[in-house]
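Peer 1: Turn this into a structure:
(one chain, ligands or ions: 1)
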Amino acid sequence: MSICFFAMMHSNAEAGRNAGDDRYSALRRQMVAQDLKSRDIKNPAVLAAMEKVPRHMFVQENLWAEAYDDHPLPLTENQTISQPYIVALMTQCLKLEKTDRVLEIGTGSGYQAAVIAELAGRVYTIELHKSLAGHAEKALREHGYANVSVRCGDGFFGWPDEAPFDAIILTCAPEQLPQPLIDQLREGGRIIAPVGGELQVQELLLGTKTQGRLIIQNIAPVRFVPMRGQAEKK
Ligand code: SAH
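Peer 2: Numbering: from 1, shown residues only. From the prediction side, this is the model:
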């Protein structure tokens, strides 16, 4: 399944954590107050993570000025990084604990993985595009996220060697939740994913594994890039 593998071998923590200067810290505080706290993001740990992670450092430099506006931003390979509110909402829904092992499908820039890494014990993230996986791995390393492992491959199959996971997050939309991911979720674990076709309204679904099956809750209508690869095969 995997065509390449990037393990986080070491951290460059302090250099990276100081990278957001005062200007960006102020913009982040404003983003948290205006776009998250005033809406339904209430979990203090999620708010603290959103205030801490330097979103601008995960996108191209020409986008830094708008990195804390509440809208999606373009990545290379025709992909996008979700608006901060959706990142915070998905993270909050997962009710993460400090010891949780989390699987993310769709690494993109690595920003969502960094937010989760602030709240969980260990993050495993899979990206289909080799160039995105490489950039994300580098950004995560530079910012001290030694508890994140990035793999390049098709996330449809999950990461069986590291299963079971306490939580799973998809940031690309399949038409149906891939069965291997459900299988790799532990009993009581949570999975959050946008589900629906490319031209349909997708629904953000939160599933909780209960007696081997998912109890599903609809969270919000959303629009994500489609999940490519095996998920597209009928
Ligand atoms: N979470 C990201 C945003 C990701 S956008 C961030 O914080 O920046 C969705 C990503 O899913 C894209 O990078 C896309 O290449 C990836 N993707 C699409 N299909 C995939 C698949 N089958 N397996 C892994 N990644 C996939």
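Peer 1: Is there any residue in the longest helix seen in the chain that contacts the ligand?
Peer 2: The longest helix of the chain (DSSP state H) is helix 130-142. Yes - Helix 130-142 reaches the ligand (C-beta under 6 Å from any ligand atom) through residue 132. Every residue, glycine included, has its C-beta placed from N, CA and C.
Peer 1: Now do the next helix or strand after that helix against helix 130-142, angle only.
Peer 2: From helix 130-142 onward toward the C-terminus, using DSSP states H and E, the following helix or strand is strand 148-152. Going by axes from the mean of the first three to the mean of the last three C-alpha atoms, to 10 degrees, strand 148-152 is angled at 170 degrees with respect to helix 130-142.
Peer 1: Could you confirm whether any residue of strand 148-152 contacts the ligand?
Peer 2: No - counting by C-beta under 6 Å from any ligand atom, the ligand has no neighbours in strand 148-152; the shortest distance is 8.4 Å.
Peer 1: mind exporting the strand or helix carrying residue 113 as PDB, just the C-alpha atoms?
Peer 2: Using DSSP H and E, residue 113 maps to helix 111-119. Provided in PDB are the C-alpha atoms of helix 111-119 (Å, rounded to 0.1, in the frame of the first residue of the first chain):
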ATOM      1  CA  TYR A 111      -1.800  21.700  10.000                       C
ATOM      2  CA  GLN A 112      -4.700  19.600  11.200                       C
ATOM      3  CA  ALA A 113      -2.200  16.900  12.300                       C
ATOM      4  CA  ALA A 114      -0.300  19.600  14.300                       C
ATOM      5  CA  VAL A 115      -3.500  20.700  16.100                       C
ATOM      6  CA  ILE A 116      -4.300  17.100  17.000                       C
ATOM      7  CA  ALA A 117      -0.700  16.500  18.100                       C
ATOM      8  CA  GLU A 118      -1.200  19.200  20.700                       C
ATOM      9  CA  LEU A 119      -4.100  17.300  22.200                       C
END
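Peer 1: Any part of it near the ligand?
Peer 2: Yes - contact between helix 111-119 and the ligand, assessed by C-beta under 6 Å from any ligand atom, occurs at 111-112.
Peer 1: Begin at 26 from now on, thanks
Peer 2: Right, with 26 as the first residue, what we last looked at is helix 136-144.
Peer 1: so that helix versus helix 155-167, what angle?
Peer 2: Using the same axes, to 10 degrees: helix 136-144 against helix 155-167 is 30 degrees.
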